[in-house]
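Peer 1: structural data only, the sequence is not supplied:
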């Protein structure tokens with residue numbers, strides 16, 4: 001896998017109440033990732049970008065909701081999120097505050 005590809009795998013953190021609970025309880029971080037990324041790519045991308053050790057990756061395909069805009073029907077895009085479990089003692093700080 002090229003480094004350019006790995007730099008585009010992670011689209012950003014997915015901040016939610018469930019993600020916050022998992023971060024405190026299981027040392028997991030939730031990311032929004034490319035729909036064509038696999039677990040090995042996600043693991044390498046996190047280790048490359050944040051310089052941490054990854055224990056495991058779980059991936060979920062999230063289906064977009066059907067929405068209506070007045071009379072017109074529409075659909076939100078499907079997307080993928082990854083639950084990344086960090087090794088003991090590892091931490092990712094998104095805000096940069098110590």
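Peer 2: Cool, the structure landed. Just so we're clear, the structure is a prediction, and the values are computed from it rather than from any experiment.
Peer 1: strands paired with the host helix or strand of residue 85, and their directions?
Peer 2: Residue 85 is part of strand 79-86, with elements assigned from DSSP states H and E. Each strand paired with strand 79-86, and its direction, by DSSP bridges: strand 28-33 (antiparallel), strand 54-62 (antiparallel).
Peer 1: so which of the ones you listed is the most packed in?
Peer 2: Using mean count of other Cβ atoms under 10 Å, the stretch among these with the greatest mean number of neighbours is strand 28-33 (a mean of 21). Yep, even glycine has a C-beta here, placed from its N, CA and C like the rest.
Peer 1: mean confidence for it?
Peer 2: Per-residue pLDDT over strand 28-33 has a mean of 96.
Peer 1: ok, which of the strands paired with strand 79-86 comes nearest residue 92?
Peer 2: strand 28-33 (5.4 Å; Cβ to Cβ).
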